[in-house]
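Any chance you can model this:
(one chain, ligands or ions: 1)
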Amino acid sequence: MADTYKNFINGEWSATASGGTFENRNPADPTDVIGVFPESGEEEINEAVKAARSAFQGWSHTPPPHRGEIIRKVGDILAARKDELARLATREMGKIVAETGGDVQEGIDCAYLFAGEGRRLFGETIPCEFANKFGMSIRRPIGVAGLITPWNFPMAIPTWKGFPALVAGNTLVLKAAEDSPATAVKLMEIFEEAGMPPGVVNLVHGHGPTAGAPLVKHPDVGVVSFTGSSETGRLIARECGGMLKRLSLEMGGKNAQIVMDDADLDLALEGALWGAFGTTGQRCTATSRLIVHKKIAGQLTDMLVERAKKLRVGNGLDDSTEMGPLVNEKQLGRVAGYCKIGVEEGAELILGGERGSGKLAKGAFFMPTVFRGVTRNMRIFQEEIFGPVVSITEIGDFDEAIETLNDSAYGLSSSIYTRDVNRAFKAVEDIDAGITYINGPTIGAEVQFPFGGNKNTGNGHREVGTVGLDVFTEWKAVYVDYSGKLQRAQIDTFEG
Ligand code: ADP
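Residues are numbered from 1 along each chain as shown. Presented below is the predicted three-dimensional model:
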């Protein structure tokens, strides 16, 4: 019998009024049903937003160090339960336990980072134009935050959004991805155990158009933070734009790793393998393009194929597995479709391009895939695939490498392998992306750094780091005039 899970609204676990449910199955083994979840809609969203709205008054007046203290406890509980949470996340979305452990660890790191922010939340003191006048800027919470999250980082992304929102004094409603709802339930249980007051955090399960959309549209939701596909992000942006609602979007990527002719090829190979096939290529920062100097392209390609074909593909719960399944059959169809497109466009498929066979046939397994001879006009060079597919494009010099990397609608992560420090710094300057790694793969962001991307990856915001607070706060300028007289700024009365 599959477990039955509920929504978490106003500190209580509840089913939907209609009783509708949906199932969540293990992508490595579709006979394994993780649980049955409430198929929620506008009614449940309205209830959750109402609860969050009423809790806002108390929570926003709770001293930030106390808010941080609860977040710290959440971090402690996540740490104590890390292994169990990682295994559940692997069952839900497939990536290997070492990676879901890393996913939970990001939640822990994020908890401690933002717990500390409860004792900072720095503003600025700024000199005024007059004597006997004091000026400062302070952060104020916005109100109810609507968080819409994907399945590829089922613990990290809800915490990336949730902890900064909470420490800043907002309350929240989370609509977690329909492919990883159980991990979100565990996070709510942990909030409850850590002593979060009722209504401050709420979770509503359901699908995007029926549960996500009403959350975005709700007039009492002051800010929406979304991570997911560009298609959905565009819809949400249109909605929020019409309402002049605050919105942070984190969407696709088409990340590239440059390998110059002076690079340490063994190191570049390790980076490419991890960047392209880690999380089965389902990270928004995954390496989907290798831009390789023609002098070493043949050698690196052979090395890559040799290693990629030996990657152990299988159930992520098995400790020996190096690459798990894709999240579901729909995604597998999409990845297979892109492989077909690549071949039709004239790219050379030199490894993979097909689903797993034999004992892998029943799960959503797709084999590590490498294309070479990929040119900039091809769709597999330009469009996000979100699977274990990497394309190799040859270039002749550094300038061409940067131009080729920047030839993308997206600008999330990027990487260059070179031993030349001048080129490395030039790359930092010229690559149009939110993240650049030197001699490291395109994946591996740390929570104390700003995360996000340029161009179609986002809408100008960054998550986590200290700047992550900007999404969830409004700045207020405060002037204190202790001169006892009217002092008129912005007019020409300066007598200095
Ligand atoms: P992915 O490819 O990661 O599944 P989606 O953009 O489809 O990307 O989903 C990311 C999140 O956005 C999920 O929680 C999903 O339910 C939600 N979502 C999908 N469509 C909508 C929508 N129209 N409005 C609000 N949320 C949506």
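
Can you show me the strands along the stretch 201-350 of the chain?
Per DSSP state E, counting those that start in this stretch, the stretch 201-350 of the chain carries strands over the ranges 201-203, 221-227, 246-250, 255-259, 287-293, 348-351.

I'd say Asn202 and Glu12 touch.
No - if you go by CB atoms under 8 Å, Asn202 and Glu12 don't touch, sitting 9.9 Å apart. Placement of C-beta: from N, CA and C, glycine included.

I'd like to know how many residues surround Asn26.
21 (other CB atoms under 10 Å).

how much space between it and the ligand?
Plainly put, Asn26 is 17 Å away from the ligand if you go by CB to the nearest ligand atom, to the nearest Å.

Point me to the helix or strand that includes the closest residue to that residue other than its chain neighbours.
Residue nearest to Asn26 in three dimensions, not counting chain neighbours: Asp32, with 3.8 Å by CB to CB, 6 or more residues apart in numbering. Here Asp32 is covered by strand 29-38, with elements defined by DSSP states H and E.

So what touches the helix or strand just after that strand?
Next in sequence after strand 29-38, counting helices and strands by DSSP H and E, comes helix 42-60. Residues from elsewhere that reach helix 42-60 (CB atoms under 8 Å, 6 or more residues apart in numbering): 7, 9-11, 14, 16-17, 38, 67, 141, 143-144, 146, 166, 169-173, 175, 197-200, 202-204, 206, 210-211, 214-215, 218, 220-221.

Which ones among the residues you listed also lie next to the ligand?
Counting by CB under 6 Å from any ligand atom, Lys175 from these sit close to the ligand.

ChimeraX command for the buried members of the contacts of helix 42-60?
This is how ChimeraX selects the buried members of the contacts of helix 42-60, with burial counted by 16 or more other CB atoms under 10 Å:
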select :7,9,10,11,14,16,38,67,141,143,144,146,166,169,170,171,172,173,175,198,199,200,202,203,204,206,211,214,215,218,221
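
dump the residue contacts of Tyr417.
Shown in contact with Tyr417 (CB under 8 Å, 6+ apart): Gln257, Ile258, Val259, Met260, Ala263, Asp264, Leu267, Ala268, Gly271, Asn439.

and Thr149, what is it in contact with?
Contact criterion CB under 8 Å, 6+ apart gives Ile157, Pro158, Lys161, Leu174, Lys175, Ala176, Ala177, Ala184, Thr227, Gly228 as the residues in contact with Thr149.

any idea which of the residues you listed is the one closest to the ligand?
Nearest to the ligand among the contacts of Thr149 is Gly228, at 2.7 Å by CB to the nearest ligand atom.

my read: the closest one touches Met251, true?
Yes - counting by CB under 8 Å, Gly228 does reach Met251; the two are 6.8 Å apart.

Between these two, which has more neighbouring residues?
Just comparing Gly228 and Met251: by other CB under 10 Å the higher neighbour count belongs to Met251, 26 against 22.

ok, back up a step: including distance to Ala86 and mean pLDDT, could the strands of the stretch 201-350 of the chain go into CSV?
Listed next are these as CSV, based on distance: least, CB to CB, whole Å; pLDDT from 0 to 100:
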stretch, distance to Ala86, mean pLDDT
strand 201-203, 20, 98
strand 221-227, 20, 98
strand 246-250, 23, 98
strand 255-259, 25, 98
strand 287-293, 23, 98
strand 348-351, 29, 98
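
okay if I get those strands as JSON lines plus distance to Trp59?
JSON lines is the format used below for the strands of the stretch 201-350 of the chain (distance: least, CB to CB, whole Å):
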{"stretch": "strand 201-203", "distance to Trp59": "10"}
{"stretch": "strand 221-227", "distance to Trp59": "14"}
{"stretch": "strand 246-250", "distance to Trp59": "18"}
{"stretch": "strand 255-259", "distance to Trp59": "37"}
{"stretch": "strand 287-293", "distance to Trp59": "40"}
{"stretch": "strand 348-351", "distance to Trp59": "52"}
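
Looking at the stretch 1-150 of the chain, what residue ends up closest to the ligand?
Nearest residue of the stretch 1-150 of the chain to the ligand (CB to the nearest ligand atom) works out as Pro150 at 3.5 Å.

Can you get me a residue count around that residue?
Number of residues near Pro150 (other CB under 10 Å) recorded here: 22.

doesn't Ile157 make contact with it?
Yes - Pro150 lies in contact with Ile157 (CB under 8 Å); the separation is 6.6 Å.

The residue nearest to Asn26: neighbour count?
Neighbours of Asp32 under the rule other CB under 10 Å: 15.

show me the contacts for the residue of the stretch 1-150 of the chain closest to the ligand.
Residues in contact with Pro150 (CB under 8 Å, 6+ apart) are Ile157, Ala177, Thr227, Gly228.

Just give me the closest of those residues to Phe398.
For the contacts of Pro150, the minimum distance to Phe398 (CB to CB) is 32.9 Å, reached by Thr227.

State the distance from that closest one to Tyr112.
According to CB to CB, to the nearest Å, Thr227 stands 21 Å off from Tyr112.

Could you do Asn7 as well?
Relative to Tyr112, Asn7 is positioned 28 Å away (CB to CB).

out of the strands of the stretch 201-350 of the chain, which comes closest to Asp318?
For the strands of the stretch 201-350 of the chain, the distance to Asp318 is smallest for strand 348-351, at 22.4 Å, taking CB to CB.

Outside of the closest one itself, which residues are in contact with it?
Contacts to strand 348-351, defined as CB under 8 Å, 6+ apart, come from residues 301, 305, 308-309, 339, 342-343, 367-373.

ok, which pair from the residues you listed is furthest apart?
Greatest spatial distance among those (CB to CB): Met367 and Gly373, at 19.5 Å.

out of the two, which sits in the more crowded spot?
When Met367 and Gly373 are compared for neighbours, Met367 comes out ahead with 20 against 16, by other CB under 10 Å.

Spit out the contact partners of the more buried one.
Val313, Leu351, Gly352, Gly353, Glu354, Arg355, Gly356, Pro388.

Among those residues, which one is most surrounded by other residues?
Taking other CB under 10 Å as the neighbour criterion, Pro388 ranks highest of these with 28 neighbours.

Run a quick check on it versus Met323, I expect a contact.
Yes - if you go by CB under 8 Å, Pro388 and Met323 touch, sitting 6.5 Å apart.

Find residues that contact each of the two.
In contact with both Pro388 and Met323: Phe277, Thr280, Pro368, using CB under 8 Å, 6+ apart.

Of these, which fall within the contact range of the ligand?
Counting by CB under 6 Å from any ligand atom, nothing from these sits close to the ligand.

ok, so of those, who is nearest the ligand?
The ligand lies nearest to Thr280 out of those, by CB to the nearest ligand atom, at 13.5 Å.

pLDDT score for the closest one?
pLDDT recorded at Thr280 is 97.

can you pull the contacts of Ile71?
Ala111, Phe114, Ala115, Gly118, Phe163, Leu166, Val167, Ala194.

Which ones among these map onto helices?
Those of the contacts of Ile71 mapping onto helices are Ala111, Phe114, Ala115, Phe163, Leu166, Val167, per DSSP state H.

Would you format those as a markdown table with distance to Gly363 and pLDDT included?
As requested, the ones in helices among the contacts of Ile71 are arranged in a markdown table below (distance: CB to CB, whole Å; pLDDT from 0 to 100):
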| residue | distance to Gly363 | pLDDT |
| --- | --- | --- |
| Ala111 | 33 | 98 |
| Phe114 | 36 | 98 |
| Ala115 | 38 | 98 |
| Phe163 | 33 | 98 |
| Leu166 | 37 | 98 |
| Val167 | 39 | 98 |
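
what's the span of stretch 437-449, first residue to last?
Stretch 437-449 has its terminal residues 13 Å apart, counting by CA to CA, to the nearest Å.

Give me the contacts around that stretch.
Counting by CB under 8 Å, 6+ apart, 106, 109-110, 113, 160, 255-257, 263-264, 267, 270-272, 274-275, 278-279, 283, 285-287, 413-418, 424, 427-428, 435, 451, 464-465 sit against stretch 437-449.
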